[in-house]
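# just to be clear, the model below is a prediction. Sequence and coordinates:
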Amino acid sequence: MLQTIACHHGKDGWQRQLAQANLHYWLAGILHGKGKSREAEIEYREAIEIGKREVGSDYLDLSGMLAALAIVLAEQGKLTEARQHAEQAVDICQRHPEIPPDERRDAENALRKVMKNWRRSRG
């Protein structure tokens, strides 16, 4: 279904792929909001994979995607992986000053939340 929607946007090649990534990200947010954490995780991972494949690890939208995935993983108790993704999101923001302040805050807040859960789980 997502491929069909992306194709109808009239985009070619990598633009169509990035439209697909954004659709996966959008769908993940909806699923997460409905409490469907595992399904959201799958969609966030797909969005991230497409973004990295089509643009590379410096794809600016990755910071938000990684931060969102980190939150979902933390909620599932997958704290080691959540921390890695949250740290990657913050790292992207630090390397790219052009990322908007609200997206920076999202990445920083995700890392804070993950670290709070991390400390709590360690006793």
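Looks like it came in fine.
# look up how far residue 78 lies from the closest residue in space to residue 85 that isn't next to it in sequence.
The shortest distance from residue 85 to any non-neighbouring residue, by Cβ to Cβ, 6 or more residues apart in numbering, is to residue 70 (4.1 Å). C-beta here means a position set from N, CA and C on the backbone, and glycine is covered the same way. Note on residue 70: its distance to residue 78, by Cβ to Cβ, to the nearest Å, is 9 Å.
# these two: who's more crowded?
residue 70 (28 against 17; other Cβ atoms under 10 Å).
# helix or strand right after the helix or strand containing the more buried one?
Using DSSP states H and E, residue 70 sits within helix 62-75. Counting by DSSP H and E, the next helix or strand C-terminal to helix 62-75 is helix 79-95.
# can you point out the buried residues in that next one?
79, 82-90, 92-93 (16 or more other Cβ atoms under 10 Å).
# do the same with stretch 61-80
61-75, 78-79.
# surely residue 50 and residue 17 touch.
Yes - using Cβ atoms under 8 Å, residue 50 is in contact with residue 17, at 5.5 Å.
# neighbour count for these two, which is higher?
residue 50 (22 against 18).
# and that one, what does it touch?
17-18, 20-21, 24 (Cβ atoms under 8 Å, 6 or more residues apart in numbering).
# what do you get if the cut-off is 6 Å, keeping everything else the same?
Contacts of residue 50 were listed using Cβ atoms under 6 Å, 6 or more residues apart in numbering, and they are 17, 20-21.
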